[in-house]
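With the input below, show me the fold.
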Amino acid sequence: MKAELAPRRASLEGEPDFYGVLRPLASTYAARRSVERIAVVGNQPLEASATRAEVIDSADLVFRVNGFRLDEPDEAPAVGTKADVVVFNRGVRPTPWFFSGYRERLYLLIEPGRMQWEWEVYPHFWPRDLGFVTVPNRDVIIPLGREIGLDPEHDGEWATTGTTMMWIAAHLFPNAALDVAGLSFVDDPEQTSWEHAYGDACPVGPEHRIANEGRLARRWIDSGRIRFHR
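Alright, predicted model coming up:
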């Protein structure tokens with residue numbers, strides 16, 4: 001006889017708010033107690049810019065995503081050298097910077113695919129003592145999906161990790177200024193492949209609708225919620 005699945009809970013009232021729980025932890029990785037400005041950096045290849053790099057590195061908290069890169073001492077500055085919070089998924093292709101200094105960072109694992117087909121398998125190359133916080137789909141992925149016109153829970157379509165990173169940063173510290181760079185869909189929402197600041201290009205996943213994400217980002221730019229640095 002098959003075991004029946006436990007029924008879904010009808011209410012989440014009384015459960016702790018994800019952002020409220022995470023905020024004190026994330027604050028411990030910030031440059032100062034009061035987080036007033038955050039830098040959110042995607043992996044789009046960017047031209048050298050000492051000004052942009054300084055904007056990023058002088059932020060109280062710097063978010064990076066998946067297979068990010070950092071500036072090296074012998075290179076012209078472009079994207080800065082700080083990485084305080086890393087938002088990633090199980091399919092991450094680690095770069096030389098991804099695990100460097102991992103004990104001094106907060107890693108947030110998103111798992112939208114667990115609502116559809118993804119298994120809970122951790123790659124063998126992850127450090128055995130890599131600590132991370134799992135981001136709950138119900139608190140982040142589903143509300144973000146609805147905001148951009150998707151239904152991650154039923155249709156198997158959800159936001160990219162880059163947009164999820166920006167969403168988490170904006171909701172985690174709603175009063176902080178956000179400086180955003182390296183999200184290519186802002187200017188190219190019709191692209192079908194990603195170019196990366198490090199590593200090979202890859203197709204945009206069929207689960208993403210980056211034109212929807214571009215509209216969200218541009219709306220936030222126009223409203224002044226974020227400052228976008230090209």
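
element containing the residue nearest to the spatial centre of the chain, please.
Central residue check for the chain by CA atoms, centre = their mean: the C-alpha nearest the mean position is that of M165, 2.3 Å away. The secondary structure element spanning M165 is helix 161-172 (assigned by DSSP states H and E).

Name the residues that touch that helix?
Contacting residues not belonging to helix 161-172 are listed as 19, 22-23, 26, 38, 40, 42-43, 61, 63-66, 85, 87-89, 108, 110, 135, 140-141, 144, 147-148, 159, 176, 178, 180, 182-183, 185, 213, 216-217, 220, 225-226 [CB atoms under 8 Å, 6 or more residues apart in numbering]. Where C-beta positions appear, they are placed from N, C-alpha and C, glycine not excepted.

Each with direction, which strands does the helix or strand just after it pair with?
Beyond helix 161-172 on the C-terminal side, the first helix or strand identified by DSSP H and E is strand 177-181. In its sheet, strand 177-181 lies beside strand 37-41 (parallel), strand 226-229 (parallel), with partners assigned from DSSP bridges.

residues of the lengthiest helix in the chain that come out buried?
Across the chain, the helix with the greatest residue count (assigned by DSSP state H) is helix 210-223. Buried residues in helix 210-223, counted by 16 or more other CB atoms under 10 Å: 210, 212-218, 220.

Could you do stretch 112-128 as well?
Going by neighbour count (16+ other CB under 10 Å), the buried part of stretch 112-128 is 112-113, 115, 126.

ok, so of the buried residues of helix 210-223, who is nearest A76?
Using CB to CB, A217 is the member of these that sits closest to A76, with 26.4 Å.

separation between that closest one and M165?
Note on A217: its distance to M165, by CB to CB, to the nearest Å, is 12 Å.

Could you do I56 as well?
From I56 over to M165 the distance is 14 Å, taken as CB to CB.

How about G101?
Noted for G101: a distance of 19 Å to M165, by CB to CB.

Show me the helices in this structure, by range?
Listed in chain order, the helices of the chain (DSSP H) span residues 18-27, 50-57, 142-147, 152-155, 161-172, 210-223.
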